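Engineer: Build me a model from this:
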Amino acid sequence: MSKKAIVVVSFGTSYEEAEKAICNIEEKIREAFKDYDFFRAFTSGVIIRKLKKTKNIVIENPEELICRLEKEGYEEVICQPTHIINGDEYDKMCYMLARHEDSFQSLKVGKPLLTYLEDFKSCVPIILDMVEKLKDQEALLLMGHGSVHFANSAYCQMETIFRCEGHDNVYIGTVEGFPEIEYVMKQLKRDNIKKVYLAPFMIVAGDHARNDLAGEEEDSWKSILEKAGYETETILKGMGEIDEIANIFVEHAKEAEELEA
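Structural biologist: Prediction:
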């Protein structure tokens, strides 16, 4: 019987309280692939170095791990990312893995959270369950990471899917891409919103969620909105903490397993 490995690849986090989101996805995938040995990798070099320096925790990047698996005699490998979009981090992971494709009997890669139309549609009720039914003049504002990568358009598509499903009071902005908070606030004003629920549209509720979204600094989204007169309520919960979201990643991993080698 060949040696088989399942690798869960995340951007990573240095926040212990945020790591539970990654752990939840990993555990769901581990349970679904009991015939595979389980491994973890992070794509963020900054986080990998920080964990090594501050906590002496060693996490490999995908290429380092894949080289180790090759040396240890693994023949079949599935890599499942926990990224939201098919953006820079996903491309970086694929580039690292592609250089070692010929070293294995099969090296298969699963898709990020928002890949197929059905993924977007599946996320709508899952995300809405994060808050009680929104009342008139209330809105849910989700913070995505954002990117200069063309896959950044997935955030706008996600918001459009909410609209198509009849939820006009759900908005998505990004920290490092479009739509920016200034654009979102124009929409909130146009729609006469008075109260805004804030939540990260990220796998973990890490630095961006705790500082850029919910921090007390004047440039956080919470502070900006409150200064503009909005009532706010923050939901510091990473998407990976939600079992239904984790299960979408499980399905993508199973789909990868079925691919022809």
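Engineer: I'd guessed residue 225 sits against residue 189; true?
Structural biologist: No: using CB atoms under 8 Å, residue 225 makes no contact with residue 189, being 11.0 Å away. C-beta here means a position set from N, CA and C on the backbone, and glycine is covered the same way.
Engineer: Neighbour count: the two, which is higher?
Structural biologist: The neighbour comparison of residue 225 against residue 189 (other CB atoms under 10 Å) goes to residue 225, with 21 against 12.
Engineer: Would you map the strands across the stretch 51-200 of the chain?
Structural biologist: Secondary structure of the stretch 51-200 of the chain (DSSP state E, counting those that start in this stretch): strands at 76-81, 106-109, 138-144, 170-174, 195-200.
Engineer: lowest average confidence, helix or strand, in the protein?
Structural biologist: Least confident element among the helices and strands of the chain, by mean pLDDT, DSSP states H and E: helix 207 (a mean of 84).
Engineer: which other helices and strands contact the next helix or strand after that helix?
Structural biologist: Next helix or strand after helix 207 toward the C-terminus (DSSP states H and E): helix 221-227. Packing partners of helix 221-227 (3 or more CB pairs under 8 Å, 6 or more residues apart in numbering; DSSP states H and E): helix 181-190, strand 195-200, strand 231-234.
Engineer: so where do the helices sit in this protein?
Structural biologist: Remark: helices assigned in the chain by DSSP state H are 19-32, 45-55, 62-71, 88-98, 117-128, 153-164, 181-190, 207, 221-227, 243-257.
Engineer: Let me have those helices in CSV, adding distance to residue 80 as columns.
Structural biologist: Converted to CSV, the helices of the chain look like this (distance: least, CB to CB, whole Å):
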stretch, distance to residue 80
helix 19-32, 6
helix 45-55, 19
helix 62-71, 11
helix 88-98, 10
helix 117-128, 14
helix 153-164, 18
helix 181-190, 31
helix 207, 24
helix 221-227, 30
helix 243-257, 4
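Engineer: Low-confidence regions, this protein specifically.
Structural biologist: Along the chain, the parts satisfying pLDDT under 70 run over 1, 261.
Engineer: Kindly recompute the last result at 80.
Structural biologist: For the chain, applying pLDDT under 80 flags the ranges 1, 260-261.
Engineer: Residue 82 against residue 250, yeah?
Structural biologist: No: look at residue 82 against residue 250 with CB under 8 Å: they stay out of range, at 11.1 Å.
Engineer: for the residue lying closest to residue 203 once chain neighbours are set aside, what are its contacts?
Structural biologist: Nearest residue to residue 203, sequence neighbours excluded (CB to CB, 6 or more residues apart in numbering): residue 240, at 4.3 Å. Residue 240 sits next to 21, 22, 24, 25, 82, 203, 204, 246 when contact means CB atoms under 8 Å, 6 or more residues apart in numbering.
Engineer: any idea how far residue 83 is from residue 240?
Structural biologist: Look at residue 240 and residue 83: by CB to CB, to the nearest Å, they are 11 Å apart.
Engineer: Now the common contact residues for those two.
Structural biologist: Common neighbours of residue 240 and residue 83 (CB under 8 Å, 6+ apart) are residue 203.
Engineer: okay, now residue 18: neighbour count?
Structural biologist: If you count neighbours by other CB under 10 Å, residue 18 ends up with 24.
Engineer: So it sits against residue 208, correct?
Structural biologist: No: using CB under 8 Å, residue 18 is not in contact with residue 208, being 10.1 Å away.
Engineer: burial of the nearest residue to residue 43 once chain neighbours are set aside, as a residue count?
Structural biologist: What sits nearest to residue 43 in space, not counting adjacent residues and going by CB to CB, 6+ apart, is residue 89, at 4.8 Å. Around residue 89 there are 24 other residues, counting by other CB under 10 Å.
Engineer: Contacts only, for residue 89.
Structural biologist: 11, 43, 44, 81, 83.
Engineer: Understood, closing this out.
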